[in-house]
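1. Need coordinates for the following:
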Amino acid sequence: MAGEPQDDCLFCKIVAGQIPATIVRETETTVAFQDINPQAPTHVLVIPRVHYRDVATLAAAAPAVAADLLRETGEVAVQEKLESHRVVFNTGSGAGQTVWHAHAHVLGGRGLQWPPG
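-> Numbering: from 1, shown residues only. Down below sits the predicted model:
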C-alpha cells in the first residue's frame, strides 16, 4: 500500500536502519544520506520516510511530505556549504530512476552544465 514500507525497497530498508548509509540529516519526515555512486563532489539523496514510488505520486498523495522533502534539499545545500547546487527528481526508468521510492538528488561542489545528461 502506498505510504507503507515495502519489504523489497532499498530506501525503506535504509529508513528502517536495516541497510547502512552515511546519514547527513534526519527529520521526522525525511532522511538525507550520501549517494554511493556520486556524480559530483557533493551528492546527497533526500528521501521521505514514507514509501511512494516517485515524486509525482508523493506530491499527489502527501503534499506536506513533498514540501518537507523539497525544503530539506535546501537545508542539505546549506549544511554542505554549497554556493550553488542542483536538485534532481528522476521519475520513471526513462529518466534514470532505478530505486522506486521518491527521492531528490542534491548535487554540487563543481560546475554543473546545462542541459544535463
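2. just checking, what packs against the strand of greatest length in the chain?
-> With secondary structure taken from DSSP state E, the chain has its longest strand at strand 42-48. For strand 42-48, the packing partners by 3 or more CB pairs under 8 Å, 6 or more residues apart in numbering; DSSP states H and E come out as helix 10-15, strand 30-34, helix 63-79, strand 104-108. All C-beta spots, glycine's among them, are computed from the backbone N, C-alpha and C.
3. distance between it and the chain's centre?
-> 4 Å (CA atoms, centre = their mean, to the nearest Å).
4. same question, stretch 104-114
-> Counting by CA atoms, centre = their mean, stretch 104-114 comes out at 14 Å from the chain centroid.
5. Give me the buried positions along that stretch.
-> Of all the residues in stretch 104-114, those buried under the rule 16 or more other CB atoms under 10 Å are Ala104, His105, Val106, Leu107, Gly108, Gly109.
6. Might you list the low-confidence residue ranges for this protein?
-> Within the chain, the stretches with pLDDT under 70 are 1, 117.
7. In contact with Lys13, which residues?
-> Residues counted as contacts of Lys13 (CB atoms under 8 Å, 6 or more residues apart in numbering) are Ile19.
8. 10 Å - rerun?
-> Listed by CB atoms under 10 Å, 6 or more residues apart in numbering, the contact partners of Lys13 are Pro5, Gln6, Asp7, Ile19, Pro20, Ala21, His101.
9. Likewise for Ala67?
-> Thr29, Ala59.
10. on that earlier part again, specify which member of the contacts of Lys13 is nearest to Val55.
-> His101 (10.1 Å; CB to CB).
11. hmm, back to that, could the helices and strands packed on strand 42-48 go into CSV alongside distance to Pro41?
-> Formatted as CSV, the helices and strands packed on strand 42-48 follow (distance: least, CB to CB, whole Å):
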stretch, distance to Pro41
helix 10-15, 22
strand 30-34, 11
helix 63-79, 13
strand 104-108, 7
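12. out of the contacts of Lys13, which are buried?
-> Judged by 16+ other CB under 10 Å, buried ones among the contacts of Lys13: Pro5, Ala21, His101.
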